[in-house]
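Q: quick one, fold the following:
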Amino acid sequence: MRIEKYESREEWLDARLGRVTGTRLKDLVSKGKVKTGFYEIIAERIAIPADEENRMDRGLRLEDDAIERFAKETGKKVENELVIWAREDDPNIAISPDGTIGETEAVECKCLSSARHIEAWLTKEVPSEYEMQAFQYFIVNDKLQTLYFCFYDPRMPKDFFYLTIKRSEIQEQVDMYLALEREALAKIAQIEKELTF
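A: Modelled structure (predicted):
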């Protein structure tokens, strides 16, 4: 066994980065399934350390850069005006696209933590907490055929990539969630009516 001694708590904390310690093992694996800690350790080893900027502020600040990067890499002309798409038959079903390419293509950008960026890159999947957001694009816009789900983290060596989601591959889920959304909105309207006399 090797013993490492440190002069300050700051040096000791820095020395723990990128390592599996006792408190991190539970976040690393669970009976063979990879957990978030796995991606955090990779990020600590290869990414520029994050600053204290608020996660949402950072995402908004980097969104235009991500759209510009997507346009440059694909040659597509992306509009990124502040708009809301709403369903013709129910304007309560809506989404604010980060970027649009006509009515048949859209762009969603995520500027996540380096660990989550790595996870999306390795798994080639939209993180589960954003899956419904991807479906919502197709729920709202019946003409939408393709959603480009972009990931951008300038702290990473592989700082930009995107996943392509096709309506034809998720139509069943889109139909199911549209029905559930309509059902929930009907219940909300009923309760609203009961409570407002």
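Q: and Y162, that one's in a helix?
A: No. Assigned with DSSP: H, G, I helix; E, B strand; the rest coil, Y162 falls outside any helix and is strand.
Q: run through the bridge partners of it.
A: Beta-bridge partners for Y162, by DSSP bridges, are C150.
Q: how near is it to E63?
A: 13 Å (Cβ to Cβ, to the nearest Å). Every C-beta, even on glycine, is put in place using the N, C-alpha and C of the backbone.
Q: D153 now?
A: Taking Cβ to Cβ as the measure, D153 falls 12 Å from E63.
Q: overlap in contacts, the two.
A: C111 (Cβ atoms under 8 Å, 6 or more residues apart in numbering).
Q: with neighbour numbers in mind, choose between the two.
A: In terms of neighbours (other Cβ atoms under 10 Å), D153 is the more surrounded of D153 and E63; the figures are 28 against 20.
Q: what's the burial count for the residue lying closest to the more buried one once chain neighbours are set aside?
A: With sequence-adjacent residues excluded and distances taken as Cβ to Cβ, 6 or more residues apart in numbering, D153 is closest to H117, at 4.2 Å. Using other Cβ under 10 Å, H117 has 26 neighbouring residues.
Q: and the strand or helix carrying H117, what other elements does it pack with?
A: In the assignment (DSSP states H and E), H117 maps to helix 114-123. Helix 114-123 makes packing contacts with helix 36-46, strand 146-152, strand 160-166 when contacts are defined by 3 or more Cβ pairs under 8 Å, 6 or more residues apart in numbering; DSSP states H and E.
Q: please enumerate the strands of this protein.
A: Assigned strands in the chain, in chain order: 29-30, 33-34, 85-86, 94-95, 99-101, 105-110, 146-152, 160-166 (criterion: DSSP state E).
Q: of the ones you listed, which approaches E192 most closely?
A: Proximity to E192 (Cβ to Cβ) singles out strand 94-95 among the strands of the chain, at 17.5 Å.
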